[in-house]
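Participant: Quick one: sequence and predicted model below, then my questions.
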Amino acid sequence: MTEYRRILLGGAPVQVTRDGDVLRASDGRDIAIEDAVHLPPTEPQKIIAVHLNYQSRTDEFMTKLPAAPTYFHKPVTALNSHGGDIVRPVGCQWLNYEGEIVIVIGKTCRNVSPAEAGEYIAGYTVGNDYGLHDFRDTDAGSMLRVKGSDTLAPVGPGLVTDWDFRNKTIRTIVNGEVKQEDSTANMEWDMHYLVADLARTITLVPGDLIFSGTPANSRPVYPGDVVEVEVEGLGRLTNTIVEGPTPIRTDVGAQPTSSEEVVSTALGGDWEFRGIRTPSKDLYPSRIEESTPEEQNR
């Protein structure tokens with residue numbers, strides 16, 4: 001396996017190779033990892049993410065997976081890096097972490113089988129698919145502002161080649177405490193399936209990123225929190241939550257809310273209507289049959 005990183009070196013973006021605790025550029029310069037200013041490991045044209053994939057997440061919501069995965073799009077302006085700040089604007093309160101493994105496309109890819117998909121993957125990196133659920137009421141369909149607001153797509157620290165995604169552990173750690181932990185063995189759809197599924201109709205190009213889903217226990221984080229996502233063999237992505245000094249404008253557009261839809265998604269298994277009122281219930285129906293008004297009045 002080789003780990004590539006992109007850093008600022010002498011004020012310019014440079015690709016370097018990790019050699020233990022040192023990052024080495026091809027021109028002979030090197031820098032200690034702890035002193036490096038990291039950039040996202042690729043420059044994608046597209047960032048795509050899958051909704052639900054881990055069994056633990058499905059169990060948490062007490063819902064059912066559809067027959068095939070569903071996706072949403074994060075704009076490239078949401079891209080962030082290892083060590084970057086995650087901005088929660090003033091006026092918002094439901095910013096959640098979602099630790100994930102991210103597929104990095106290496107070759108132009110269109111209409112390939114799952115068996116062929118691995119040939120088009122450059123490698124993998126660590127990601128955190130942050131969600132600003134305050135906007136879920138208005139953007140639940142596209143997830144545009146929920147998952148696409150600026151800074152909400154940190155990836156890194158590096159791109160690791162020839163990494164076998166099978167049976168690997170993923171953890172999310174907040175202020176030193178493990179909050180999410182699962183294995184890739186518990187994903188419904190693996191990395192090759194996701195690439196082949198998307199490439200049926202969308203041309204994937206080198207550098208594109210595909211977030212592959214998060215385990216159970218995504219929860220809100222707050223300004224000052226340090227959030228780390230650690231994947232066995234890929235390293236640890238670290239970010240700090242900060243409060244954006246400029247509040248959400250009130251003279252235009254939908255405002256942040258704390259509706260049942262928002263709270264049910266942000267708090268998952270900690271919500272009083274867990275399993276009864278699931279997020280996006282038309283697409284992911286609850287496993288619990290809701291009682292009729294007549295039954296409720298008995």
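Facilitator: Happy to help now that I have it. All values derive from a computational prediction rather than experimental measurement.
Participant: mind checking pLDDT for the residue at minimal distance from the centre of the chain?
Facilitator: Here the mean C-alpha position of the chain is nearest to the C-alpha of residue 129 (C-alpha atoms, centre = their mean), at a distance of 2.3 Å. Per-residue confidence for residue 129 comes out at a pLDDT of 98.
Participant: Give me the helices and strands touching the helix or strand where residue 147 lies, please.
Facilitator: Using DSSP states H and E, residue 147 sits within helix 144-148. With contacts taken as 3 or more C-beta pairs under 8 Å, 6 or more residues apart in numbering; DSSP states H and E, helix 144-148 sits against strand 71-74, strand 131-132, helix 136-139. All C-beta spots, glycine's among them, are computed from the backbone N, C-alpha and C.
Participant: Pick the most deeply packed of these.
Facilitator: Neighbour counts (mean count of other C-beta atoms under 10 Å) averaged over each of the helices and strands packed on helix 144-148 peak at strand 131-132, with a mean of 26.
Participant: List the pairing partners of that one within its sheet, with orientation.
Facilitator: Paired strands of strand 131-132, with direction, are strand 95-96 (antiparallel) (DSSP bridges).
Participant: how far does the partner strand sit from the chain's center?
Facilitator: 11 Å (C-alpha atoms, centre = their mean, to the nearest Å).
Participant: ok, and what's touching that strand?
Facilitator: By C-beta atoms under 8 Å, 6 or more residues apart in numbering, the residues outside strand 95-96 that reach it are 86, 88, 130-133, 218-222, 241, 265-266.
Participant: which one among those gets closest to residue 73?
Facilitator: residue 131 (13.8 Å; C-beta to C-beta).
Participant: who's in contact with the closest one?
Facilitator: So residue 131 contacts 94-96, 98, 143, 146-147, 152, 218, 265 (C-beta under 8 Å, 6+ apart).
Participant: Now for residue 17, how many residues are close by?
Facilitator: Neighbour count of residue 17, defined by other C-beta atoms under 10 Å: 15.
Participant: State the helix or strand in which it lies.
Facilitator: strand 12-19.
Participant: what does residue 117 give?
Facilitator: Element membership for residue 117, per DSSP H and E: helix 114-117.
Participant: ok now the following helix or strand past that helix, how far from the chain's centre?
Facilitator: On the C-terminal side of helix 114-117, the nearest following helix or strand under DSSP H and E is strand 121-128. In this view, strand 121-128 has its centroid 11 Å away from the chain centroid, taken as C-alpha atoms, centre = their mean.
Participant: now swap in stretch 91-107 and tell me
Facilitator: 2 Å.
Participant: Keeping just the C-alphas, turn it into CSV.
Facilitator: Output of stretch 91-107 as CSV, limited to C-alpha atoms (Å, rounded to 0.1, in the frame of the first residue of the first chain):
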residue,chain,number,x,y,z
GLY,A,91,-28.9,30.0,14.4
CYS,A,92,-28.3,26.3,13.7
GLN,A,93,-28.1,23.6,16.4
TRP,A,94,-28.4,20.2,14.7
LEU,A,95,-24.9,19.6,13.1
ASN,A,96,-24.2,15.8,13.1
TYR,A,97,-21.1,13.8,12.4
GLU,A,98,-21.2,10.7,10.2
GLY,A,99,-17.9,8.8,9.9
GLU,A,100,-17.4,7.1,6.5
ILE,A,101,-15.0,5.4,4.2
VAL,A,102,-14.6,7.3,0.9
ILE,A,103,-13.9,5.7,-2.5
VAL,A,104,-11.6,7.7,-4.8
ILE,A,105,-12.0,7.2,-8.5
GLY,A,106,-8.8,6.7,-10.5
LYS,A,107,-9.9,6.2,-14.1
